[in-house]
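Engineer: below is the sequence, then the predicted model.
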Amino acid sequence: MDGLNLLVGLAMGLNLVALGSSRLPSLIQVAAVQGVVLGVMPLVMEPDFRWMAVLIAVATMAMKGLVIPALLRRAMRTANIDRDLNPLIGFVPSLLVGAAGMIAAVLLTRQLPLLPEHQESLLAPGALASVFTGLLLLVGRSKAISQVCGYLILENGIYLFGLLLIHSTPLLVEGGILLDLTVAVFVIGIIVDRIQRAFDSLDTRKLTVLRE
Amino acid sequence: MSVSHLLILSACGLLLSLATAMRSSRAWLATSLAGVLSALGAAIFTLLSNGGWEWQSSFRIGGETLHLRLDGVSALFLALVAVLGGVVVSYSREYWAEAAHPRSAPRGRFWLSLMLLAMGLLLLCSNGLHFLLAWELFALCGYFLITLDGRLREVRAAGWLYFAASHAGTLALFAFFAMLAARTGSWELGPMQTQAELAPLFWLALFGFGVKAGLFPLHIWLPSAHANAPSHVSAILSGVAIKMGIYGIVRFSGWLPAPAGAGWVVVGLGVVSAVLGVAFALGQHDLKRLLAYHSVENIGIILMGIGFAMVAAAHGHAAWGALALAGGLLHVWNHGLFKGLLFLGAGSVLHATGTREMNRLGGLWRAMPWTAALFALGAAAIAGLPPLNGFVSEWLLYLGMFDAVNQPGAAVAGAIPAIILLAVTGALALACFVKVCGVVFLGAPRSPAAEHAHECGRWMRGSMGVLAAGCAAIGLLPVAFWPAVRSAVAAWRGATESSPAPESLTTLSFIHVALALAGGGAALWLRRQARRGGWARAGTWDCGYAAPTARMQYTAGSFAGIITEWFAWILRPERHAFRPQGPFPPRAAFHEHTPETVLERVLEPVAKAVLAVSSAARRLQHGRVHAYILYLMSGLAVLAALTFFWGR
């Protein structure tokens, strides 16, 4: 339990790092590291060696730690965009809001009717905090790729929730989620490239003419 | 021939007229006249036989079997539709002729026939769903008829206003019929006074039908629609179309259980409509707009009759309620006749001079003696002067209210003010029509258009003559029309016993005939005296001023100035005066305009506020993805908080 809590705490810390990073490559790096940390978790949770847990762990680490970041870096390079993040919400305010969200997540979890074995775990607050951080990144960063990173962190939060149910979630569902995510990132990578070619910018603030 | 045969004949006639409307005006005239005459026959047959006609077929429309019913109440309205429909059809042949309106004349014929057909269906349908279908068809025909001359901007605006108001009413009716069907389990209509849980639905019906009837705060569409429609359409709208609203109120106040106090609410609405309708009419200087406000007034009088009947039914006093209802229902006929006559007269004036502005008319009786005489007869009838029909129906209403005063209970407190206000309304209406006749037909012409006016042709004169004859007939022989009204009153709440004609009605007949004979005799005597003595023409006394012009006459506004001043609190007239100043004043002018108070001071500010809020809300949609995600986030947070704190 302590090992797991340590890892979740690490992931929550990485949330704050993601909120505070000012350049695109470091944001992608943070998301990748968080993916690896999340990938280790099933191994820690299962004291006895099981093929399924190992499979999940390996697949998660490979996808979140290697494939998706690689795709994003490639999109970043081909689109040849400015590496600055141009935040809509400044770094210090985002950090403060993110920290406040984390505290709120811990407080909120105390009110939730959790199973006794999850009472001591940081999984639920970590999941809520990650979801919140992901949304904050989606709202507060203007570049399309940084929004993908926000989306990734949001998904990490959902993954953490999923870990609460690791004994009852079939492997297939977990795999499906991962696949969806990869495809989504892949598609976004292509779209980003096209948008860049068509509009000469990747700032989603400039896409407002498409609203009608 | 039975009622069924006549109705089938009527339907065939009107359907044929639909088919011929676009091609031949002669065939259209013949077929539609045949249609309305057979409908009139069916209505009279039903009214006199004192029984209902019912036809239940297995034919389904919209999943409901067709169920037609013609009882006293609907036959009364059907007779009015038929009479006015026939008159207007023959009037429009000359008034909206092919030569002057090559494009809109065929369309006008088509929509007129369809509207008559729709109104007939509406009166016959005894199924909520079919009633709504007919109602919607009827409302749509009204829109197309009002906007026949759609090249003018104000005509289109009036059409849209009618359309919007009509649909606001229809919305209420959809709710009404749907809830009625949900609570009774069937779309079939019929007497259901025993089901007390249906009572609140009456308010929905009152709103929905009230918009169409044009009772006071809901009359917003009425003045502009009546003023801007072609005059024969105005006659149909005012004479018949708004009566469909009255039909709905009469029908469902009879069939449904009334909620407590509903009768008094209807009386109150009636009194307000009557008094304020005539007050607004006094402030107008557009001839047709003035007549339109008189429709509001007369709807008010009719509603007073219905309202007192409902009060009487609630208190269990049948007799005086029946008298008040008879007055109201006879006024439905009377108003249709004289208001149709007045609108057709106004149409003749418009036809001859090209303007509705009373301050540009004057002295028309020399050029248009027939129109002037018939219009004056209609004016006397609407002002409730004996020996014409307006007096008869108001007399019945007064009788009912006087009997109410004699009853113990709360009715007295309401009846006495209602009597006084009805009398005030009559006096104001008289003043208003003195103004109209004086300004339009007497005096000197105020514009070249009025100077070169010409009398209208035979068809138009004949149509007006038929309506005038109807006004005189009901006025002179009210007893002859009592059986029809009696059977409608009996059918209202399904009562079986029929009340005999009040004795005073017979007396009234004698007095009216005597009055008419005396008046006719006096006129003949005067004419002979004038022939024998010869005419001497001289100028009127002009205060010593040697060179009067037509512009020095009383205008419509100045004539009614004293009375409109009393009602300035609601009329809110807008005046712009540029007074002559200094020894050599360059230019002076005075404009007065009476706004549509309810529309411009109440409804438009509310609508503007709603629009402002809506366009402010539109700013939320700006295309910034980040903010959309923020909306999602806050929405989720609010939902989570709701379930978390409220759901536990």
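Structural biologist: The structure has been received and is ready for your questions. Numbers count the residues shown, from 1 in each chain, chains lettered A, B, ... in the order given.

Engineer: tell me the centre residue of the chain?
Structural biologist: No chain specified, so I'll use chain A. residue A:153 (1.4 Å; CA atoms, centre = their mean).

Engineer: the chain in question should be chain B.
Structural biologist: residue B:238 (3.5 Å).

Engineer: where does chain A have its least confident helix or strand?
Structural biologist: Counting by mean pLDDT, DSSP states H and E, chain A has its least confident helix or strand at helix A:171-199, which shows a mean of 69.

Engineer: which ones are touching the residue nearest to the centre of chain B?
Structural biologist: If you count contacts by CB atoms under 8 Å, 6 or more residues apart in numbering or on different chains, residue B:238 has them with B:226, B:291, B:292, B:295, B:339, B:340, B:343. To be clear about C-beta, it is placed using only N, CA and C from the backbone, and glycine gets the same treatment.

Engineer: closest to chain A among these?
Structural biologist: residue B:226 (40.9 Å; CB to the nearest CB).

Engineer: give me the low-pLDDT residue ranges for chain B?
Structural biologist: B:1, B:317-318, B:410, B:495-498, B:648 (pLDDT under 70).

Engineer: per-domain residue ranges of it.
Structural biologist: B:554-580+B:588-593, B:597-646 (automatic domain parsing).

Engineer: of all of chain B, which residue lies closest to chain A?
Structural biologist: residue B:623 (3.0 Å).

Engineer: hmm, the helix or strand where residue A:126 lies in reach of chain B?
Structural biologist: Element membership for residue A:126, per DSSP states H and E: helix A:123-140. Yes: applying CB under 8 Å from any CB of the partner chain, one finds helix A:123-140 in contact with chain B at A:135, A:138, A:139, A:140.

Engineer: counting neighbours, which of the residues you listed end up buried?
Structural biologist: Buried members of these, scored by 16 or more other CB atoms under 10 Å in any protein chain shown, are A:135, A:138, A:139, A:140.

Engineer: possible to save those residues as CSV with pLDDT?
Structural biologist: Compiled in CSV, these are given as follows (pLDDT from 0 to 100):
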residue, pLDDT
A:135, 89
A:138, 85
A:139, 87
A:140, 86
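
Engineer: for residue B:561, state which of those is nearest.
Structural biologist: residue A:139 (66.2 Å; CB to CB).

Engineer: I figured that closest one hits residue A:87, correct?
Structural biologist: No: with contact defined as CB atoms under 8 Å, residue A:139 does not count as touching residue A:87 (10.3 Å).

Engineer: so which bits of chain B are right by chain A?
Structural biologist: Going by CB under 8 Å from any CB, the residues of chain B near chain A are B:621, B:622, B:623, B:624, B:625, B:626, B:627, B:629, B:630, B:633, B:644.

Engineer: which SSE is immediately downstream of the helix or strand residue B:346 falls within?
Structural biologist: Assigned by DSSP H and E, residue B:346 falls within helix B:318-353. Using DSSP H and E, the helix or strand that follows helix B:318-353 in sequence is helix B:364-367.

Engineer: thinking again about what came up before, which among the contacts of residue B:238 end up buried?
Structural biologist: B:226, B:291, B:292, B:295, B:339, B:340, B:343.

Engineer: what's the closest of the residues you listed to residue B:404?
Structural biologist: Nearest member of the buried ones among the contacts of residue B:238 to residue B:404, counting by CB to CB, is residue B:295, at 26.1 Å.

Engineer: so the residue nearest to residue B:123 when sequence neighbours are not counted: helix, strand or coil?
Structural biologist: Closest residue in space to residue B:123, ignoring its immediate chain neighbours: residue B:74 at 4.3 Å, by CB to CB, 6 or more residues apart in numbering or on different chains. Secondary structure assignment for residue B:74 (DSSP: H, G, I helix; E, B strand; the rest coil): helix.

Engineer: buried ones in the one helix or strand residue A:13 maps to, by neighbour count?
Structural biologist: Using DSSP H and E, residue A:13 sits in helix A:2-20. Residues of helix A:2-20 classed as buried by neighbour count (16+ other CB under 10 Å): A:4, A:7, A:8, A:10, A:11, A:12, A:14, A:15, A:16, A:18, A:19.

Engineer: same check, this time on stretch B:46-59
Structural biologist: B:46, B:47, B:50, B:52, B:53.

Engineer: pull the CA atoms of it into CSV?
Structural biologist: In CSV, the C-alpha atoms belonging to stretch B:46-59 read as follows (Å, rounded to 0.1, in the frame of the first residue of the first chain):
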residue,chain,number,x,y,z
THR,B,46,-81.1,23.3,-36.9
LEU,B,47,-81.9,26.4,-35.0
LEU,B,48,-85.6,26.1,-35.7
SER,B,49,-86.0,22.4,-35.2
ASN,B,50,-84.4,22.9,-31.7
GLY,B,51,-82.5,19.7,-32.0
GLY,B,52,-79.0,18.8,-32.8
TRP,B,53,-77.5,17.1,-35.9
GLU,B,54,-74.8,14.6,-35.3
TRP,B,55,-72.8,12.4,-37.7
GLN,B,56,-70.2,9.8,-36.5
SER,B,57,-68.3,8.2,-39.4
SER,B,58,-65.8,5.5,-39.3
PHE,B,59,-63.5,7.5,-41.5
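
Engineer: which residues does that stretch contact?
Structural biologist: By CB under 8 Å, 6+ apart, stretch B:46-59 touches B:3-4, B:7, B:42, B:65-72, B:75-76, B:79, B:126, B:483-484, B:486-488, B:490-491, B:498.

Engineer: if any of those residues are buried, give me the PyMOL selection for them.
Structural biologist: Remark: buried members of the contacts of stretch B:46-59, expressed as a PyMOL selection using 16+ other CB under 10 Å:
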select buried, chain B and resi 3+7+42+66+67+68+69+70+71+72+75+76+79+126+484+486+487+488+490+491
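
Engineer: inside strands: which ones of the contacts of stretch B:46-59?
Structural biologist: Counting by DSSP state E, the contacts of stretch B:46-59 place B:65, B:66, B:67, B:68, B:69, B:70 in strands.

Engineer: excluding chain neighbours, what is closest to the first one?
Structural biologist: In this case it means residue B:65. residue B:58 (6.0 Å).

Engineer: helix, strand, or coil at the one you found?
Structural biologist: Per three-state DSSP, residue B:58 ends up strand.

Engineer: quick one on the thing from earlier: what's the most distant pair in the buried ones among the contacts of residue B:238?
Structural biologist: Longest span within the buried ones among the contacts of residue B:238, CB to CB: B:292 and B:340, 13.2 Å.

Engineer: show me the helices in the stretch 51-200 of chain B, by range?
Structural biologist: With DSSP state H, counting those that start in this stretch, the ranges of helices along the stretch 51-200 of chain B come out as B:72-95, B:104-124, B:128-146, B:153-184.

Engineer: what's the closest of those to residue B:232?
Structural biologist: Across those, closest to residue B:232 is helix B:72-95 (CB to CB), at 4.3 Å.

Engineer: give me every residue that touches residue B:593.
Structural biologist: So residue B:593 contacts B:573, B:574 (CB under 8 Å, 6+ apart).

Engineer: before we move on, back to that, deepest of the helices of the stretch 51-200 of chain B, which one?
Structural biologist: Comparing the helices of the stretch 51-200 of chain B by mean neighbour count (mean count of other CB atoms under 10 Å in any protein chain shown), helix B:72-95 comes out on top with a mean of 26.

Engineer: mind giving me the packing neighbours of that one?
Structural biologist: With contacts taken as 3 or more CB pairs under 8 Å, 6 or more residues apart in numbering or on different chains; DSSP states H and E, helix B:72-95 sits against helix B:25-49, helix B:104-124, helix B:231-236, helix B:242-255, helix B:318-353, helix B:458-476, helix B:478-492.
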